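S.K.: give me a model of this one.
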Amino acid sequence: MLHDPAIAKTEPADLPVRELGYLPLENYAAIGDGRSVALIGTDGSIDWWCVPNMDSPPLFDRILAERTGGCFVVAPIEDFTVERRYRENSNVLQTIFTTKRGRARLTESLNSSSGGRLPWCELARRVDGIEGEVEFGLRLVFGTRADTICPFLATNSNATTFNAGSVIGMLRVSPGVELTTEDDLEIAGRFRVRAGEREIVAILAGEDEPLTAESVEAIDDRIDITDAEWRQWTEGLRFEGRHRAHVMRSALALKLLLYSPSGAIAAAATTSLPEGIGGPKNYDYRYAWIRDASYTIKAFMRIGAMAEAKAALTWLIKRLDEHGSRVCYRLDGRLLDEMREVDLPGYRGSRPVLVGNQASEQHQHGIYGDIFETAKRFTAGGNILDPRSAQVLARIADECAESWRRPDAGIWELEEQEHYTMSKISAWQALARAVELADDNHIPATCRDRWARSRDRIMEWIERNCWSEAQQSYVMYPGSDRIDASLALAVRFGFDGRDRLEKTLRAIDRRLGRPGGLHYRYNGVEEDEGCFLACSFWVVEGLALLGHREEAERRFDELLATLERGSGTLPEMVDPDTGIFLGNMPQGLSHLALVQTAATLEGHDL
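M.R.: Here you go, the predicted structure:
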């Protein structure tokens, strides 16, 4: 029986140990407020938080620089064991610390209000005594962003604030918390709780803006208000079945990645967490990819989160209208700045640490299929495209029909330009959906016949060039003997040819599969990175759609069991030999692929 992912415990024998000062990534859980996301370790240390937005510079970055990075620690001063869980159907996190002298509960939230997101960042941490007595230490360390800023404290007649670059904030504590150190780089303190007692520590922060000095009592109350808001949102989702707990946890993680000021959906909440420990595959995922956002919109629609789906689709179409068919954008809709390296040691010595992403300068045919599949699902649900959006989509369909013969960087954003099979399938998908939208009068049909002819030519090209009799599979690109696990998506896309698709899935298993239900992305990356979680979910879903329901159920359970060691916050990858988490997190592709696979297994319409 699989455990409820909302209740992930760390037993005494499994206490986290910092290796060279770093926690395993599976020991982090995420909280957020629709604008920013914080990662909290099982040892009570918040090691990542960008203020005020997910793609802002980090206030806390210990996860990338153990010795010099910022962090916010609340933990017992003596040895302790940990039990951790999210509150049911909520992104409010609870950790129970047990020491020789007592037990206490730490409840953590990035607060909102009953009216929605607050106009400031409010990171709240509540400590309740359960039994005996527990003494806690408090440590707030301000990072220097690789020595590019010099944080300082400033005191006036109302309060003491900290200033870190453009961020201004204040630490709020309840009367029982004694501050023992207050200087420009660190604030430290201690407090104790007995059964029935409560203490509060919190940070209020903003960027180049006046700051409201909220009372501790109001901050405390908003923890429960925030919890109620999360539960109300989750209760409105449509999903029943034995995987409901996992789907709700992943839906909540996806909601964290939705940037509420604009409707954009970030691919992940972090930068430069490595795909292989010590290796160079470290990327900044704090931006909105057409691909990831489109997939998330479809996952949201499938479980009834229509407000989020509509907001994100509107954002995507407006960006396509404003900037053209780019691969990714900033969360506020601007284009990305040039990628640059930051002089930090990186997670467990994994460099480079980057800001920005080179994919912003690439072309990927996959964006065509992604946006058209999303628009098709949107209209299939009875929803309406406005005339301006319809014109944008028709223009993008023309662009796809004109450019599909060109090589591109592919779904994996590779430096080598090739005629990637998955890119051609995506172009076919785009024009197939464009024709359907035109036939249903959702977009202008002026070039409908050209789209149909191009669709058919793409199909012929793929069948002639991308199938390998020797491999009994579609290959990564013509002339290659490599297998690409993303080809499992062709089943979901409705690509023709059941026999070849099934053979391709079996080839993915043979050549890329590993124990635990895991898969590498494609051949040749085994030494550089872990197994890509979304690929494994795509394979399972493909099997289910091809009629292998019992096998798919078994393999889905196997994959979920592989991921039990975490809190429900999924990474991009997992090391198949050790089980450790790898890559940025929470990773939207991993969570949305879980949701889609579970929905398919429960018989939900695509």
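
S.K.: just checking, which helix or strand of the chain averages the lowest pLDDT?
M.R.: strand 9-10 (a mean of 41; mean pLDDT, DSSP states H and E).

S.K.: then the helix or strand just after it to PDB, C-alphas only?
M.R.: Scanning forward in sequence from strand 9-10 by DSSP states H and E, the next helix or strand is strand 28-32. Provided in PDB are the C-alpha atoms of strand 28-32 (Å, rounded to 0.1, in the frame of the first residue of the first chain):
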ATOM      1  CA  TYR A  28      13.600  19.600   0.900                       C
ATOM      2  CA  ALA A  29      10.000  20.500   0.700                       C
ATOM      3  CA  ALA A  30       8.500  23.500  -1.100                       C
ATOM      4  CA  ILE A  31       6.100  26.200   0.100                       C
ATOM      5  CA  GLY A  32       4.900  29.200  -1.900                       C
END
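
S.K.: the helices in the protein, which residues?
M.R.: 216-235, 244-256, 290-302, 306-323, 366-380, 387-403, 421-439, 448-465, 489-492, 498-512, 533-545, 549-562, 588-601 (DSSP state H).

S.K.: compare these and give me the one nearest P24.
M.R.: Taking C-beta to C-beta, helix 549-562 is the member of the helices of the chain nearest to P24, at 14.9 Å. Placement of C-beta: from N, CA and C, glycine included.

S.K.: so for the closest one, what's the average pLDDT?
M.R.: In this model, helix 549-562 carries a mean pLDDT of 98.

S.K.: I'd say T180 and R190 touch.
M.R.: Yes - here T180 reaches R190: they are 6.5 Å apart, a contact under C-beta atoms under 8 Å.

S.K.: what bits of the protein have low per-residue confidence?
M.R.: Residues of the chain meeting the criterion pLDDT under 70: 1-16.

S.K.: ok, back up a step: quick one: which of the helices of the chain is nearest N357?
M.R.: It's helix 290-302; of the helices of the chain, that one is closest to N357 (C-beta to C-beta) at 11.9 Å.

S.K.: return the set of buried residues in stretch 563-575.
M.R.: 563, 565-575 (16 or more other C-beta atoms under 10 Å).

S.K.: now, which of those lie within strands?
M.R.: Residues from the buried residues of stretch 563-575 lying in strands, with DSSP state E as the criterion: 573-574.

S.K.: determine which two of the buried residues of stretch 563-575 are furthest apart.
M.R.: That would be G568 and D575, which, of the buried residues of stretch 563-575, are the farthest apart (C-beta to C-beta) at 19.0 Å.

S.K.: just put the helices of the chain in JSON lines and tack on mean neighbour count and distance to G356.
M.R.: Listed next are the helices of the chain as JSON lines, based on neighbours: other C-beta atoms under 10 Å; distance: least, C-beta to C-beta, whole Å:
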{"stretch": "helix 216-235", "mean neighbour count": "17", "distance to G356": "32"}
{"stretch": "helix 244-256", "mean neighbour count": "23", "distance to G356": "22"}
{"stretch": "helix 290-302", "mean neighbour count": "25", "distance to G356": "17"}
{"stretch": "helix 306-323", "mean neighbour count": "19", "distance to G356": "16"}
{"stretch": "helix 366-380", "mean neighbour count": "24", "distance to G356": "19"}
{"stretch": "helix 387-403", "mean neighbour count": "19", "distance to G356": "25"}
{"stretch": "helix 421-439", "mean neighbour count": "25", "distance to G356": "23"}
{"stretch": "helix 448-465", "mean neighbour count": "17", "distance to G356": "33"}
{"stretch": "helix 489-492", "mean neighbour count": "23", "distance to G356": "27"}
{"stretch": "helix 498-512", "mean neighbour count": "18", "distance to G356": "30"}
{"stretch": "helix 533-545", "mean neighbour count": "27", "distance to G356": "23"}
{"stretch": "helix 549-562", "mean neighbour count": "17", "distance to G356": "32"}
{"stretch": "helix 588-601", "mean neighbour count": "27", "distance to G356": "18"}
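
S.K.: which of those sits closest to I265?
M.R.: Closest among those, using C-beta to C-beta: helix 290-302, at 4.2 Å.

S.K.: packing partners of the closest one?
M.R.: helix 244-256, strand 264-265, helix 306-323, helix 366-380, helix 588-601 (3 or more C-beta pairs under 8 Å, 6 or more residues apart in numbering; DSSP states H and E).

S.K.: can you give the contact residues for that helix?
M.R.: Applying C-beta atoms under 8 Å, 6 or more residues apart in numbering, the contact partners of helix 290-302 are 251, 254, 257-258, 264-265, 267, 306, 308-309, 312-313, 315-316, 320, 325-328, 364, 366-367, 370-371, 373-374, 377-378, 381, 411, 588-589, 592-593, 595-596, 599, 604, 606.

S.K.: and the angle for that helix with helix 533-545?
M.R.: Counting by axes from the mean of the first three to the mean of the last three C-alpha atoms, to 10 degrees, helix 290-302 lies at 50 degrees to helix 533-545.

S.K.: ok now helix 290-302, how far from the chain's centre?
M.R.: 12 Å (C-alpha atoms, centre = their mean, to the nearest Å).

S.K.: who are the neighbours in contact with E553?
M.R.: If you count contacts by C-beta under 8 Å, 6+ apart, then E553 has 544, 601 around it.

S.K.: try 7 Å
M.R.: L601 (C-beta atoms under 7 Å, 6 or more residues apart in numbering).

S.K.: next one: M422
M.R.: M422 touches 366, 410-411, 484, 486-487, counting by C-beta under 7 Å, 6+ apart.

S.K.: if we go to 10 Å?
M.R.: If you count contacts by C-beta atoms under 10 Å, 6 or more residues apart in numbering, M422 has them with 364-366, 369, 410-412, 466, 474, 476-477, 484-490, 493, 522.

S.K.: the longest strand seen in the chain versus strand 28-32: what angle between them?
M.R.: The residue-count maximum for a strand in the chain (DSSP E) belongs to strand 121-141. Comparing the axes of strand 121-141 and strand 28-32 via the same axes, to 10 degrees yields an angle of 140 degrees.

S.K.: returning to that earlier point: quick one: which of the buried residues of stretch 563-575 is nearest D284?
M.R.: E572 (12.6 Å).

S.K.: nearest residue to the closest one in space, please, no chain neighbours.
M.R.: Once flanking residues are discounted, E572 sits nearest to G583: 2.9 Å by C-beta to C-beta, 6 or more residues apart in numbering.

S.K.: surely that neighbour and E275 touch.
M.R.: Yes - the criterion here is C-beta atoms under 10 Å, and G583 meets it with E275 at 5.0 Å.
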